[in-house]
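J.: please find the sequence and the predicted model below.
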Amino acid sequence: MTDRSGEFVSLDRDRMPLDEKLYRLSEDDVAFLKLHTGIRDDDELKQHVLEVQADAYQVGMETGDYHEHVTHTIVFVKVYPYPCIRYFMFTHTGIARHFAYGQFLNLGRERPDEIFLELPVHAVSDGFPQQNCVAADLERKYWELGHRLFKSTPESFPVAFVPGDIFDQDYLASSVQPVYAQPNSPAPALSGLASLTPLRGHPALPLPGSMIFGRHHSADVKGVRDFPVPDGDKTSNVIQVFCHSPQTWMVLWNGKVFKEGTVEVKVELQEEPVSAMAPPERKLYVMVWSVTRL
């Protein structure tokens, strides 16, 4: 999720235009898309993905200003050209290769009330109960485009979706301390959620085995790194990105977010192929991690 209270630094569609040459899907990604879309021809599948990508790159937030003596509202649309859309990351099936993925699927099989909160569903295809899943993203349009990408409908894939900004207090009320005790109330009906606040304590019940897992850009040493931003075929702009190291990431979860000794943190640091977004030292790292209740 992305905090929209600030500005994207130099990230706009003019400087980061869509580029068909970036369409480089793995065999697993192609097989997954063919299975769920029913499209068998490679060229037809590529065209389908490109059309959805182009529409996703136009998604924005409507803002406006209303005045009492004006008969209409002026509406502005601010478009968010997410790099993950430009680089076709929405087609990747990397979650299935996460080292904790098998552990996660077992939770869905063994605990009938386990809730999976997805922030961006491949997992349903691999057996996690879809009635226990809830997805979240900034705009409902992204979820609708997901249905279009996989040629599904809310009826054929009835997973609950709750649009909103994870940094908005009205969407997810924060607290000083994490939840350690089991909630007094039963889990809410996922289909009726208007925010994520009613889920507090439910997706991560204080039961052994409950988990959080993910992957993101990282570094071998904690600190701020300069990342070039593509400007067409050039990389003349730079943004600064704070990166954790595996060691500081483990300390963050085991001792700061949760009481030390109450969770097990596993981390793998993987070096990615050099790309246009690689930092000046020409090494790009991704941290793959999981946090499991003990």
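T.: That came in fine, so what should we check first? Note that the coordinates shown come from a computational prediction; the quantities given were computed from them, not determined experimentally. Numbering: from 1, shown residues only.

J.: what strand or helix carries residue 123?
T.: helix 122-125 (DSSP states H and E).

J.: same question, residue 33
T.: Residue 33 belongs to helix 27-37, assigned by DSSP H and E.

J.: can you name the element that comes right after that helix?
T.: Assigned by DSSP H and E, the successor of helix 27-37 is helix 42-56.

J.: alpha carbons of that following helix, as CSV, please.
T.: Taking Å, rounded to 0.1, in the frame of the first residue of the first chain, the C-alpha atoms of helix 42-56 are listed here in CSV:
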residue,chain,number,x,y,z
ASP,A,42,0.5,-16.3,-26.5
ASP,A,43,0.0,-13.2,-28.7
GLU,A,44,-3.6,-12.9,-27.7
LEU,A,45,-2.7,-13.3,-24.0
LYS,A,46,0.0,-10.6,-24.3
GLN,A,47,-2.5,-8.2,-25.9
HIS,A,48,-5.0,-8.9,-23.2
VAL,A,49,-2.5,-8.1,-20.5
LEU,A,50,-1.3,-5.0,-22.2
GLU,A,51,-4.8,-3.6,-22.5
VAL,A,52,-5.5,-4.2,-18.8
GLN,A,53,-2.1,-2.7,-17.9
ALA,A,54,-2.9,0.5,-19.9
ASP,A,55,-6.2,1.0,-18.1
ALA,A,56,-4.6,0.3,-14.7
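
J.: now for it, which elements pack on it?
T.: Here helix 42-56 touches helix 27-37, helix 83-86, helix 140-150, going by 3 or more CB pairs under 8 Å, 6 or more residues apart in numbering; DSSP states H and E. For glycine as for every other residue, the C-beta is placed from the backbone atoms N, C-alpha and C.

J.: now mean pLDDT too, for the ones you listed, in JSON lines please.
T.: Below are those laid out as JSON lines (pLDDT from 0 to 100):
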{"stretch": "helix 27-37", "mean pLDDT": "93"}
{"stretch": "helix 83-86", "mean pLDDT": "83"}
{"stretch": "helix 140-150", "mean pLDDT": "91"}
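
J.: for residue 268, which of the ones you listed is the nearest?
T.: helix 27-37 (19.0 Å; CB to CB).

J.: buried residues, the closest one. List them.
T.: Residues 29-30, 32-33, 37 are the ones in helix 27-37 that count as buried (16 or more other CB atoms under 10 Å).

J.: now for that helix, which elements pack on it?
T.: Looks like helix 27-37 contacts helix 42-56, helix 122-125, helix 140-150 (3+ CB pairs under 8 Å, 6+ apart).

J.: among those, which is nearest residue 246?
T.: Of all those, helix 122-125 comes closest under CB to CB, at 24.9 Å.

J.: rewinding a little: and the angle from the helix holding residue 33 to helix 140-150?
T.: 90 degrees (axes from the mean of the first three to the mean of the last three CA atoms, to 10 degrees).

J.: which other residues reach helix 27-37?
T.: The contact list for helix 27-37, computed with CB atoms under 8 Å, 6 or more residues apart in numbering, reads 25, 39-40, 42, 45, 48-49, 91-93, 96, 122, 125, 149-152.

J.: run through the stretch 151-294 of the chain and note the low-pLDDT ranges.
T.: 173-189, 192, 195-198, 200-206, 228-238, 273-282 (pLDDT under 70).

J.: before we move on, the earlier item: output the helices and strands packed on helix 27-37 as JSON lines; include the columns distance to residue 253.
T.: Output for the helices and strands packed on helix 27-37, formatted as JSON lines (distance: least, CB to CB, whole Å):
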{"stretch": "helix 42-56", "distance to residue 253": "32"}
{"stretch": "helix 122-125", "distance to residue 253": "22"}
{"stretch": "helix 140-150", "distance to residue 253": "28"}
